[in-house]
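# Provide a 3D model corresponding to the input given below.
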Amino acid sequence: MRKIILSVILITILVLSIFSIHLFVESTTLGAHVVALKLDTGNTAWMIVATALVLLMTPGLGFFYGGMVGKKNVISTVLQSFMAMVIVTVLWVVVGFGLCFGPTIGGFIGNPMPNLFFQGVSANTAWELAPTIPMILFALFQAKFAIITPALITGAFAERVRFWAYLLFMVLFILFIYAPLCHMTWHPDGLLFGWGVLDFAGGTVVHMSAGWAALAGAIFLGKRKVQKANPARITYVLLGTGLLWFGWFGFNAGSAGGASSIAAQALGTTTVAAASAAMGWVFLDKILGHKLSAMGACIGAVVGLVAITPAAGFVSIPHAIAIGIIASGVSNLVVSKFPKGKIDDALDVFACHGVGGMVGMLLTGVFASKSVNTVVGDHQGLIFGDATLFLIQLKALVLVSIFAFSASYALFFIVNKITPLRVTEEKEELGLDISQHGEYL
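The predicted structure is shown next:
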């Protein structure tokens with residue numbers, strides 16, 4: 001049956017892509033929030049580089065996770081990230097971009113019909129909020145965010161998930177969780193956008209959604225047979241952290257939409273938040289009686305990158321340092337107190353990405369400043385004496401948390417009814433590299 005389904009999918013996409021010029025009529029009029037391009041070559045050049053940088057984060061994540069798992073699961077873990085680049089890219093072109101940035105349906109989701117197979121996604125028009133770069137570049141930049149989000153989830157159910165079931169979950173997650181959150185947060189007609197929620201580069205859309213989905217997955221799949229395995233390669237974790245940190249400059253600074261002063265500010269806040277969080281993590285480890293470890297330094301840096309993501313273009317450099325230290329402290333404590341005996345979040349995805357994203361969202365409501373970015377408007381952060389923005393961020397945090405967790409758990413349930421999510425105990429014992437892929441280190 002699986003062979004038939006995969007054959008149908010491949011043939012359908014092939015036929016539709018070949019005959020798209022006849023099947024999908026491209027409108028000659030500009031749609032909502034699509035404007036005439038005012039090309040700026042400097043902005044365009046930077047956004048091409050930023051797009052490439054964000055893509056590099058996903059294989060970086062693969063190394064980051066792959067080094068943490070046991071040796072017999074490294075290939076499968078890295079491949080889960082790699083296949084996100086493959087599957088989500090095609091899904092994004094076919095329907096994903098339209099669901100996120102198409103004409104709004106009630107502020108919750110986009111109408112994908114005008115943009116099926118990238119119809120209307122032109123090199124000669126622009127998105128309203130990025131008018132100086134081609135719309136196709138904006139769409140491809142956004143694709144990289146969609147790619148890495150389901151890849152982040154994989155760390156929670158590492159070493160026990162069936163690969164084909166993971167691929168199906170990934171598709172459903174993009175369609176039913178990522179796309180609505182992206183539309184609500186970043187589309188000018190989106191619900192959260194209308195509330196005034198500030199999410200510069202993905203605190204809600206990427207990290208909170210992935211974190212809550214990870215927790216749902218860890219609960220649904222249950223514990224591994226052996227929860228504690230020696231990390232296969234700590235050098236992979238170090239390499240992955242370096243690639244993530246490097247790529248994150250495109251993630252955050254690229255979210256400015258061009259080579260601007262806000263992009264430079266975001267690059268600066270990203271740099272210092274990662275550094276201060278890594279410092280805070282290893283210092284806290286020492287305070288708590290642990291050794292200063294390479295793993296701790298790497299996890300701390302990533303938590304800082306996560307936490308600064310929603311705030312990157314809205315806060316000052318000193319406040320970015322504070323965000324990094326606070327986020328690493330909170331996540332470190334959550335990791336140490338997390339009920340690992342009951343919930344097997346294998347690589348602490350919820351404690352790092354989920355909690356880090358939530359802390360970052362709330363601290364955006366504390367430190368956002370209109371002197372840094374005029375988009376902040378009159379309702380600045382709590383530290384400036386106005387609670388309005390903080391309460392908006394808190395309301396969004398609650399809504400996104402409930403939606404992301406409950407919808408993710410429902411998707412795991414549905415996928416498991418279609419095809420079992422978890423490998424058998426025998427295949428888990430053998431290792432996913434051999435049992436799922438027939439390969440080994």
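# and the helix ranked longest in the chain, what's buried?
Taking residue count as the measure and DSSP state H as the definition, the longest helix of the chain comes out as helix 388-418. Along helix 388-418, the positions that meet the burial threshold by neighbour count (16 or more other Cβ atoms under 10 Å) are 389-390, 392-393, 396-397, 399-401, 403-405, 407-409, 411-412, 415-416. Where C-beta positions appear, they are placed from N, C-alpha and C, glycine not excepted.
# where do the strands sit along the stretch 51-200 of the chain?
When assigned using DSSP state E, counting those that start in this stretch, the strands of the stretch 51-200 of the chain occupy the ranges 104-105, 109-110, 125-127.
# just say which of the ones you listed is most tucked in.
Mean neighbour count (mean count of other Cβ atoms under 10 Å) peaks for strand 109-110 among the strands of the stretch 51-200 of the chain, with a mean of 24.
# by contact count, what packs against it?
Packed against strand 109-110 by the contact rule (3 or more Cβ pairs under 8 Å, 6 or more residues apart in numbering; DSSP states H and E) you find helix 97-101, helix 179-186.
# avg pLDDT for the first one?
Across helix 97-101, the average pLDDT comes to 97.
# can you name the next helix or strand after the least confident helix or strand in the chain by mean pLDDT?
Of all the helices and strands that make up the chain, the one with the lowest confidence by mean pLDDT, DSSP states H and E is helix 20-23; it has a mean of 78. Remark: after helix 20-23, the chain's next helix or strand is strand 34-36, criterion DSSP states H and E.
# what does that following strand contact?
30, 120, 125-128, 131, 135 (Cβ atoms under 8 Å, 6 or more residues apart in numbering).
# for residue 24, state which of those residues is nearest.
Residue 24 has its nearest neighbour among these in residue 120, at 8.9 Å by Cβ to Cβ.
# state the distance from the closest one to residue 350.
38 Å (Cβ to Cβ, to the nearest Å).
# neighbour count: those two, which is higher?
Comparing residue 120 with residue 350 by other Cβ atoms under 10 Å, the one with more neighbours is residue 350, at 30 against 23.
# so what's that one closest to, chain neighbours aside?
Sequence neighbours aside, residue 215 is the residue nearest to residue 350 in space, at 4.2 Å (criterion: Cβ to Cβ, 6 or more residues apart in numbering).
# surely residue 120 is in contact with residue 114?
Yes. Contact criterion Cβ atoms under 8 Å: residue 120 and residue 114 qualify, at 5.3 Å.
# next secondary structure after the host helix or strand of residue 218?
Under the criterion of DSSP H and E, residue 218 resides in helix 209-221. Along the chain past helix 209-221, the next helix or strand (assigned with DSSP H and E) turns out to be helix 234-253.
# who does that next one touch, helix- and strand-wise?
Helix 234-253 makes packing contacts with helix 41-66, helix 261-287, helix 294-308 when contacts are defined by 3+ Cβ pairs under 8 Å, 6+ apart.
# now those helices as JSON lines including mean pLDDT?
Conversion of the helices and strands packed on helix 234-253 to JSON lines gives the following (pLDDT from 0 to 100):
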{"stretch": "helix 41-66", "mean pLDDT": "98"}
{"stretch": "helix 261-287", "mean pLDDT": "97"}
{"stretch": "helix 294-308", "mean pLDDT": "97"}
